[in-house]
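Kindly return the folded structure for what I paste below:
(one chain, ligands or ions: 1)
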Amino acid sequence: MIFRIRQDYLRSLVFGFQDALVSTTGVVVGISAAIHDPRIIVLSALVTVSVEALSMAAGQYLSEKAVHELPNSHHEDKLITGSLFMFFSYIIGGFIPIIPIFFTIYPYSSILSVVFAFIGLFVLVFLRAKLFTGKIWRSAIEMLFVGGLATFVGLLVGSIFPK
Ligand SMILES: [Zn+2]
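Model (predicted):
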């Protein structure tokens, strides 16, 4: 039973961290492509992280609640605790791609954001594989694909308006 409880919280932790890394990197790279002002980039990223962290925590609460209400549910985890794990892992994950903007300028800041995000994702993949699946390479390739796609979409949308 302890493992089951731990697993629910870990899922929130991993999901929040991963989603924050991927979406914030997409925002940073996308906004940077259009506007090089670091204040605007940081502001956009912070708005994304704060709004998403709340929305993901609420989503975590509601979806987990639905699972708990199933007739055969064996879940004994606390809904609030799961949401808090989601919220804080999102905040922490979301800050990682923002860090380079504070000490370098565009385009180096964007390149470093992607590098930071991939380091974060690979650490996560490694931990996740150790804890859950055991499939490190498969997870790494999946993560690379999803992260790369999100960054590419960010870049594409960020290039909509001609300079
Ligand atoms: Zn649960």
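
Quickly find the element holding the residue of the chain found nearest the ion.
Of the chain, the residue with the smallest distance to the ion, taken as CB to the ion, is His75 at 3.2 Å. Yep, even glycine has a C-beta here, placed from its N, CA and C like the rest. Using DSSP states H and E, His75 maps to neither a helix nor a strand.

Settle this for me: it is touching Val67, isn't it.
Yes - His75 is within contact range of Val67, at 6.2 Å (criterion: CB atoms under 8 Å).

could you check whether the helix ranked longest in the chain is close to the ion?
Assignment by DSSP state H gives helix 2-34 as the longest helix of the chain. Yes - between helix 2-34 and the ion, judged by CB under 5 Å from the ion, the touching residues are Asp8.

His75 and Val67: which has the busier surroundings?
His75 (17 against 12; other CB atoms under 10 Å).

Show the end-to-end separation of stretch 91-99, please.
End-to-end span of stretch 91-99 (CA to CA, to the nearest Å): 13 Å.

contacting residues around it?
With contacts defined as CB atoms under 8 Å, 6 or more residues apart in numbering, stretch 91-99 is touched by 16-21, 23-25, 28, 42, 45-46, 48-50, 52-53, 113-114, 116-117, 120.

Point me to the residue sitting farthest from the middle of this structure.
Within the chain, the residue lying farthest from the chain centre (CA atoms, centre = their mean) is Pro71, at 31.8 Å.

Regarding that residue, what is its secondary structure?
Under DSSP: H, G, I helix; E, B strand; the rest coil, Pro71 falls in the coil class.

check contacts around the residue sitting nearest the centre point of the chain.
Centroid check for the chain by CA atoms, centre = their mean gives Ala20 as the closest residue, at 2.0 Å. Ala20 is in contact with Val49, Glu52, Ala53, Ser89, Tyr90, Ile91, Ile92, Gly93, Gly94, Ile96, counting by CB under 8 Å, 6+ apart.

among these, who's most crowded?
Greatest neighbour count in these, by other CB under 10 Å, goes to Tyr90: 30 neighbours.

Is that one within a helix or a strand, and which one?
Using DSSP H and E, Tyr90 sits in helix 79-95.
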